[in-house]
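1. Task: produce atomic coordinates for the following.
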Amino acid sequence: KRLGIWMDWGNPYTPLTQQFIEGEWWLIRKAHEQGRLYQGLRVMHWCPYCVTSLSKHNLEYQNIRDDSIYLKFPVRARKNEFLIVWTTTPWTIPFNLGVMVHPELAYVRAEVDGETWIVAKELAQEFIKGIHGKDYKVLEEMKGESLKGLAYIHPFEEEIDYFRKARQENPKVHTIVLSSEYVTTAQGTGLVHMSPGSGPEDYEIGHREGIVPFNELDEYATFRESMGRFAGLVARKDDKKFVEALKEKGSLVEVTKVTHDYPHCERCHRPVVFRTTAQWFFKVEDLREKIIKLNNEIYWVPQAAYNAFNSWLENLRDNSITRQRYWGTPVPIWQCPGCGKYSVIGSVADLKKLTKDSIPENLHLPWIDKVTIPCGCGSKQKRIPDILDVWIDAGTVSWTSLGYPQKKELFERLYPADFILEGKDQIRGWFNLLMVCSVLAFGNASFKAVYMHGFIQDYKGRKMSKSLGNIISPHEVMDEYGADTLRYALISGANPGLDLNYNQKDVQLRFRNLNILWNLHNFLLDLCGTNGINPLKIQKSRPELPERYIVSKSNSAVKAVTEKFEKYLLNEIPNDVEELFLEISRTYIHLVRDKTGVGTELEKATVAKTLFDSLLAVLKLCAPVIPYTSEAVYQNLRQKFSLKEESIHLFDWPKPVESLIDTQLETDMRHAQAVIQAVLNAREKANRGLRWPMREVIVECKDENVGKSVEKLSELIKTQTNVKMLSVQKEFSRARTVMNADFSRLGPEFGAMAQKIMAKLTITNTDRLKDELQSQGRIELNIDGKPVVLTKDYFEIAREAPSDMFIADFPNGTVFLNARTSEELEAEGFARELMRRIQSLRKKAGLSKADAVRLVIEMDKDFMPRLESHKAGIQEKVGAKEISFSISDPQKQFEHRSEEKIRDKVFFVYFSKL
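-> The predicted model follows:
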């Protein structure tokens, strides 16, 4: 709530309610009716700590370091001949039922210390010589397919009773089988240990060969009593003991370490094992193409999210839906322990029809398990002990949260969802289950658009963790900067799908900018309060260029932000809105500030109306991003101007007025602002403050369109830069282009030849080189009879100003600021500086803008005539009803007196409130 998440907090959906549970039961029944619910024996990822099976979407992968072992299995009926087999899971060797080779790979029989080893040809040198450190001799080469059916002796053949029975039932047990899918030469020996009961890939190949899975782990990953010497050992935990047992048997060739991605339980974050268990599944693999087609109709942001989800769907597997836990939605399957017949229940009403028992109000364990169903065989069907995977809770929310199927009104109005938003980890999680469950239930997708975001990391790009001490609590940020600042920074901080490196400076910048928005509304309230203006009651206004510009800018922003919301380009929206209110503050307010102080009533009314309309547009646009700030600002405006709408969040979304959008004016203004900034940069170089007028600026610009924009807004540029004259020229004749070769770039590229290139450039006609470089973008030199081509990248090219001018660049050209001054220009500068000082003194004295004063300025008598022409301007600017210049201390007493030194002049300022 504090983050401003807009939810129906008083009416949350909760999976523990009967309505929600029945919505899930309805799906299970629906899948059953379609023949898409089945019980199967599968190798499942299993968490021995949470004691439950896990589907692919319940897994997370971590990089871990494990033992990688190389074993030799004797070839049956061949003396001293061995298969060299590789695995990274020593605990699965007691469940080994085969060895996989690639049918197309080349294999060799190699002599090693009097033994014959079979390995992949490509890996023989790497393993035998490299890892094992032995010399070898190749005796024979063959294709992998020729090894099919070759039988071997398992190291524990005499100790595990199951092996004898398995070989009798299937002669393929403990032989070589072919697999082009899971055998590579990336590492190992090209012969891969296969345990169909201990891995999904192994299961797939074993199933193809008719080899029944074998796995005797209990739910805690402990080997059962039937496993003889291994009984009581724990998978993975006791890997060293399995390695020792293999060493005792003489089967161990080498032990190395390997770092690899290994599946972990997403709940407890510990490594999983593999078990062969009976689970209930959704049959969805044959729906793969249909689901991919449905996904093509969904609007994904970013495109990479679509690609990732599509890739997941291309490898879609049947979903295991049952878990061996206690707390959760009970699986609605009642099965007879005698005949095996089962009933799938879709609702409480269905259950009431089939049972004579009373239905508990709470459908959870243990109460629901007291309900039985009479079976045709005379026995009773009991509910199977499993619960549903919690991802079924998540996958059904598109209808269970709306009360469907019991209630239909909301569902028919709101399904499918227009939009969902989640992190990139939900490709295999929520996105996947939403799609699968909805397709099973309704044959379509449950959402129309997706925005996928990344994760928040520290400023170095590291995952936040206690061990690193880099966790930043959102509450700490909100306590210092407010919830809106955090929202603002996070939404705009990273492109969709990418992680965000949290940076406190970014948050501080957003905080400062939000304060500008706050100050903007204070400016409006102050303007209207001082002048008795209500923007809603203004009958007449006279918009000029600044108004036309900011109104155009506001409508353009409404248009752009609306389009981005419609396209879910959410990360771009805060910057667009910020650009608008910063432009109002830094450009529009700057252009009209004088009008708000000494302008006519009509001018003040025009500014107030324009500012109000633009600010209201900003609030409407940013309300979804910064809900608290926009609401607080709006409520202040509402109270001041008696606005009707109760909240900014209850307004209709704004629509752009196309007729008020002047793209050319916005373009002109953008170019003008670039020139203004360049002139200000030149002023800084000249050490001339903005209050001191300059004689002239020349804008050099080869782009004709940019030049026209500057000429159109030349008066505005002159006003904003305090320059008397401005001219636009394609090329300023008094300036010259300076071109210097950049040896730091020439050296790495040309090596020893760089010095010769520098020497050649020194003696070559510089003007010719400049012309050629500017016209063609390259020059060609002859160095020791070889042509050498140099592009602009190897040169620093700049314009050089005459000695009486200061220079600064802007994106489309250069400005040349004339630094020569005159008595008239200096006098105007003193007058402007005096105005600022007096305004500051008024503020210190606690006077309001409306307070008139009597003002006397004492100064040197030689300087007084130079300032006389600015007397009226000073009087108007500082709110003086009476003003006089004096050469001595006035006899009359004044409330306020100050000595002000401006450059080499001293002024005494006296004033009193009238």
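2. quick one: R109 is in a strand?
-> Yes. R109: assigned to a strand according to DSSP: H, G, I helix; E, B strand; the rest coil.
3. is it true that it touches T116?
-> Yes. Between R109 and T116 there is a contact under Cβ atoms under 8 Å: 5.3 Å. From N, CA and C alone the C-beta is placed, and that goes for glycine too.
4. what sits in contact with each of the two?
-> Common neighbours of R109 and T116 (criterion: Cβ atoms under 8 Å, 6 or more residues apart in numbering): 81, 139.
5. ranges for the strands of the stretch 801-914 of the chain?
-> In the stretch 801-914 of the chain, the strands defined using DSSP state E, counting those that start in this stretch lie at 805-810, 813-818, 853-858, 880-886, 896-902, 905-913.
6. got those as CSV, with distance to R836 and mean neighbour count columns?
-> As requested, the strands of the stretch 801-914 of the chain are exported to CSV (distance: least, Cβ to Cβ, whole Å; neighbours: other Cβ atoms under 10 Å):
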stretch, distance to R836, mean neighbour count
strand 805-810, 23, 20
strand 813-818, 22, 25
strand 853-858, 14, 21
strand 880-886, 14, 15
strand 896-902, 10, 14
strand 905-913, 12, 18
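7. Of all those strands, which one is nearest D239?
-> With Cβ to Cβ, the closest approach to D239 among the strands of the stretch 801-914 of the chain belongs to strand 805-810: 66.7 Å.
8. What strands flank that closest one, and is each parallel or antiparallel?
-> strand 813-818 (antiparallel) (DSSP bridges).
9. Show me the contact partners of the partner strand.
-> 675, 678-679, 682-683, 686, 694-703, 706, 723, 732, 734-735, 799, 801-802, 804-809.
10. For the stretch 451-600 of the chain, give me the ranges with low pLDDT.
-> Counting by pLDDT under 70, the stretch 451-600 of the chain contains no low-confidence range.
11. lowest-pLDDT helix or strand in this protein?
-> Ranked by mean pLDDT, DSSP states H and E, the weakest helix or strand in the chain is helix 766-776, scoring a mean of 76.
12. thinking again about what came up before, show me which of the contacts of strand 813-818 are buried.
-> 675, 678-679, 682-683, 686, 694-701, 706, 723, 732, 735, 799, 801, 805-808 (16 or more other Cβ atoms under 10 Å).
13. So which of those are in strands?
-> 694-701, 723, 799, 805-808 (DSSP state E).
14. ok, so of those, who is nearest L388?
-> So of those, ranked by how close each gets to L388 (Cβ to Cβ), first place is A808, at 68.7 Å.
15. Test of understanding: give the bridge partners of the closest one.
-> Going by DSSP bridges, A808 forms beta bridges with V815.
16. which residues does it contact?
-> A808 neighbours (Cβ under 8 Å, 6+ apart): 678-679, 681-682, 685, 814-815, 817.
17. From G707, how far off is it?
-> 17 Å (Cβ to Cβ, to the nearest Å).
18. what do you get for E169?
-> Taken as Cβ to Cβ, the span from E169 to G707 is 91 Å.
19. cool, D668 as well?
-> Taken as Cβ to Cβ, the span from D668 to G707 is 11 Å.
20. And these two? Which one has more around it.
-> A direct count of neighbours by other Cβ atoms under 10 Å for D668 and G707 places D668 higher, at 22 against 19.
21. Reduced to three states, what does N11 come out as?
-> N11 - assigned by three-state DSSP - is coil.
22. Now for it, how many residues are close by?
-> 7.
23. would you turn the strands of the stretch 801-914 of the chain into CSV with mean pLDDT and distance to H32?
-> Output for the strands of the stretch 801-914 of the chain, formatted as CSV (pLDDT from 0 to 100; distance: least, Cβ to Cβ, whole Å):
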stretch, mean pLDDT, distance to H32
strand 805-810, 94, 71
strand 813-818, 95, 74
strand 853-858, 93, 89
strand 880-886, 90, 91
strand 896-902, 93, 90
strand 905-913, 93, 89
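24. want to try a markdown table for the ones you listed, with distance to Q508 as columns?
-> Formatted as a markdown table, those follow (distance: least, Cβ to Cβ, whole Å):
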| stretch | distance to Q508 |
| --- | --- |
| strand 805-810 | 29 |
| strand 813-818 | 33 |
| strand 853-858 | 40 |
| strand 880-886 | 41 |
| strand 896-902 | 35 |
| strand 905-913 | 38 |
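25. ok, then the element right after the longest strand seen in the chain?
-> Ordering each strand of the chain by length in residues (DSSP E) puts strand 59-74 first. Following strand 59-74 in sequence order, the next helix or strand is strand 81-87 (DSSP states H and E).
26. chain center to that following strand, what's the gap?
-> 47 Å (Cα atoms, centre = their mean, to the nearest Å).
27. Quick one: work out the angle between it and strand 59-74.
-> Orientation check (axes from the mean of the first three to the mean of the last three Cα atoms, to 10 degrees): strand 81-87 against strand 59-74 gives 170 degrees.
28. Kindly provide the whole-number mean pLDDT of strand 81-87.
-> Across strand 81-87, the average pLDDT comes to 96.
29. Run through the chain and note the low-pLDDT ranges.
-> In the chain, residues with pLDDT under 70: 765-766, 891.
30. Need the single longest helix in it, by residues.
-> helix 504-531 (DSSP state H).
31. quick one: buried residues of that helix?
-> For helix 504-531, by 16+ other Cβ under 10 Å, it's 506-507, 510-511, 513-514, 517, 520-521, 523-525, 527-528, 531.
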